[in-house]
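In: need coordinates for the following:
(one chain, ligands or ions: 2)
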Amino acid sequence: MPDDFFADISDGKTPPTYRFFNGKEWVVSTSGKITAVHSPIDASIVGHLQVVTTAEIDAVMETAKAAQPAWEAIPLNQRVKIMHLAADWTAHFADYLIALLMREIGKTTDEAKGEIMRTVDLTDYFADEAQSLRGETLDSDNFPGFEKGRIALVERVAYGVVVAISPFNYPVNLSASKIVPALLMGNSVVFKPPTQGAISGLHLTKIFQKAGVPAGVLSCVTGGGGEIGDYLVSHPKADLITFTGSSDTGRAIAVAGGMKPLVFECGGNNPAVVFPDADMSLTVREIIKGGFSYAGQRCTAIKYVLGTSGVLESLLQEVLLQMKTLVHMGDPRSPETKLVGPVISEQAALHIEEVIQEAVGDGATIATGGKRTASYIEPTILTNVKPTMKIVGTEVFGPVISFMSVNSMDEAATIINGSHFGLQASVFTKDEGTGIVFARQLNVGTVQINGSPQRGPDHFPFLGVKRSGLGVQGVRYSLEAMSRLKPIVLNKPA
Ligand code: NAP
Ligand code: G3P
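Out: Numbers count the residues shown, from 1 in each chain. Ligands and ions are numbered 1, 2, ... in the order given. Model prediction:
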């Protein structure tokens, strides 16, 4: 524990029991209930979390509502300074946060370092970008039939209280990607981190508190999404829900949240389409990285590869060959581990194992991998996969890539557009013009040409269509999403 910076967020025992942050102080819930966070590495207890009560959620919401107007009223440049200080504190405690992240969610050293340092850069970039976001004025006589005399002052204002809910696979970065723009635009934030990742989320909350976010403006409540989620998102004092997680949870939140504005990043099930003229060594590297990074637990992970049979067969052989050097499953803390540590829990690993076995039962072949040990799933490649199989129709959040042959690229486009998901797609071809023409056929959020799917760089627009999301994120787009326009029209006498 770095000096006493984080001293008040837990009881300091081993393993610690963490408090939740009610916006003003770190407290133990009156529920008397705690839940354990087990490390996916070895199932050891990382710590315990409070399970908050609905009364505590009411109080947090009340505090957030009351604190928001004064927070929006302070100069933007002061909010910007606080965010830059939060970025500095995150960088200052990077080593401690990296070690915690590795233990709590099983990321490798490089992946955990990447998440923390990316959060530092993202927070700084948000703060700088917020200063260039401005409203506009409009004159009435620009529109046919209207005389001069009406001027619209179009301001950008806060929504009020933003409920921010983040997923386990980026519990720091994808929490900051919600909290920072919401705070910069003058909102209060009630933050609910993922249970597996909440300890990292609580540390991030402490950083914002120490950076100078005023009392009441930011709170962090813990407890299972299935237990407190509905009450939180349906709360009458919640003015906007920003959520990243599975499509099923997103749908549940959309129903419980009613007419509230929603900003969602949901499940992905991303294809890679390989044209006959593709650069094979690049394609192989991108498929391996795209499919197996963080044990395939990325919404942007490559989940299935489409190509005509001849291309697919030679690609498969090369992928299998390169996996021997580029991929190694093991303890994520070990320098020998490459891309594939444990998945987030043994329960998740069991589900992935079941889906693999179901695909085999439906006629798929295991070209490599397929075995499970505790929370560890071997990097797996399936062949002879058909579009109707569950392994293609659902998001398998693990290190599994399916190879599916098609008769034409048009057939590939039809399969992709027939999916319930539409986050990203990768297209590999040496002819970028061909890639662009094909990309325009795909009903997905983003098409990567000659690269694996990814959210970064973080100022690019990032969105999913169909069950993969609602709204657009990415620095400027997130700042806009966390605010609304408010026209004030001056009707001046003729
Ligand atoms: P998840 O199970 O949907 O949980 C996401 C968050 O929602 C967690 O904080 C969870 O809390 C909370 N939650 C669960 N049920 C809820 C409810 N009824 N009401 C309110 N909140 C609720 O997803 P995950 O397993 O953490 O993350 C993996 C999923 O997220 C994958 O589908 C992945 O594709 C998706 N994801 C998408 C993106 C993207 O950018 N599109 C990025 C990252 C991840 P608990 O943890 O306490 O259950
Ligand atoms: O699943 C997390 C999603 O945001 C992907 O991020 O940067 O790994 O593509 P990235």
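In: any idea of the pLDDT on residue 493?
Out: For residue 493, the pLDDT comes out at 76.
In: quick one, what contacts the closest residue to ligand 2 within the stretch 1-150 of the chain?
Out: Closest to ligand 2 within the stretch 1-150 of the chain is residue 118: 7.8 Å, counting by CB to the nearest ligand atom. From N, CA and C alone the C-beta is placed, and that goes for glycine too. Residue 118 makes contact with 173, 456, 458, according to CB atoms under 8 Å, 6 or more residues apart in numbering.
In: filter these to the buried ones?
Out: For the contacts of residue 118, a burial check counting by 16 or more other CB atoms under 10 Å picks out 173, 458.
In: which of the contacts of residue 118 scores worst on pLDDT?
Out: residue 456 (94).
In: grab the nearest non-local neighbour of that one.
Out: Leaving aside its sequence neighbours, residue 456 sits nearest to residue 118 (CB to CB, 6 or more residues apart in numbering; 7.3 Å).
In: ramachandran coordinates for residue 388?
Out: Main-chain torsions, residue 388, degrees, to the nearest 10: phi -80, psi -10.
In: residues of the protein that sit close to ligand 1?
Out: 165-170, 174, 192, 194-195, 224-226, 229-230, 233, 244-246, 249, 252-253, 265-268, 299, 395, 397, 423, 464, 469 (CB under 6 Å from any ligand atom).
In: swap the cut-off to 5 Å and go again
Out: Residues of the chain found near ligand 1 (CB under 5 Å from any ligand atom) are 165, 167-168, 194-195, 224-225, 229, 244-246, 249, 252, 265, 267, 299.
In: residues in contact with residue 97?
Out: Applying CB under 8 Å, 6+ apart, the residues near residue 97 are 90, 116, 172, 200, 203.
In: most neighbours among these, which one?
Out: Highest neighbour count within the contacts of residue 97: residue 200, with 30 neighbours (other CB atoms under 10 Å).
In: quick check: longest helix of this structure.
Out: Ordering each helix of the chain by length in residues (DSSP state H) puts helix 109-130 first.
In: so which of the residues of the chain next to ligand 1 also contact ligand 2?
Out: Applying CB under 5 Å from any ligand atom to the residues of the chain next to ligand 1, one finds that residue 299 fall near ligand 2.
In: list the ones among the residues of the chain next to ligand 1 that fall in helices.
Out: 225, 229, 249, 252.
In: contacting residues around the last one?
Out: So that's residue 252. Residues near residue 252 by CB under 8 Å, 6+ apart: 229, 230.
In: outside of the lowest-mean-pLDDT helix or strand in the chain, which residues touch it?
Out: Ranking every helix and strand in the chain by mean pLDDT, DSSP states H and E puts helix 390-393 at the bottom, with a mean of 94. The contact list for helix 390-393 (CB under 8 Å, 6+ apart) reads 269, 303-304, 355-356, 358-359, 362, 364, 382, 385-387, 400, 402, 404, 419-420.
In: residue 417: what's it in contact with?
Out: Taking CB under 8 Å, 6+ apart as the test, what residue 417 contacts is 441, 442, 443.
In: quick revisit: and the contacts of residue 97 as TSV, adding pLDDT and secondary structure?
Out: As requested, the contacts of residue 97 are exported to TSV (pLDDT from 0 to 100; DSSP: H, G, I helix; E, B strand; the rest coil):
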residue	pLDDT	secondary structure
90	98	helix
116	98	helix
172	98	coil
200	98	helix
203	98	helix
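In: can you give me the strands for the stretch 351-494 of the chain?
Out: 365-368, 372-373, 376-377, 380-383, 400-405, 421-422, 424-428, 446-449, 462-463, 465-466, 469-470, 472-473, 483-491 (DSSP state E, counting those that start in this stretch).
In: looking at those, spot the one closest to residue 78.
Out: Residue 78 sits nearest to strand 483-491 of all those, at 17.0 Å, using CB to CB.
In: other residues contacting that closest one?
Out: Applying CB under 8 Å, 6+ apart, the contact partners of strand 483-491 are 133, 135, 149-159, 185-187, 261.
In: run the last query once more with 7 Å
Out: Contacts with strand 483-491, where a contact means CB atoms under 7 Å, 6 or more residues apart in numbering, come from 149, 150, 151, 152, 153, 154, 155, 156, 157, 158, 159, 185.
In: same thing with stretch 423-436?
Out: Stretch 423-436 is contacted by residues 268, 270-275, 277-279, 283, 286, 290, 299-300, 302, 416, 438-439, 442, 444-453, 464, 468-469 when judged by CB under 7 Å, 6+ apart.
In: which of those are buried? Put it as a PyMOL command.
Out: In PyMOL syntax, the buried subset of the contacts of stretch 423-436 is picked out as below (16+ other CB under 10 Å):
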select buried, resi 268+270+271+272+273+274+275+278+283+286+290+299+300+302+416+438+439+442+444+445+446+447+448+449+450+451+452+453+464+468+469
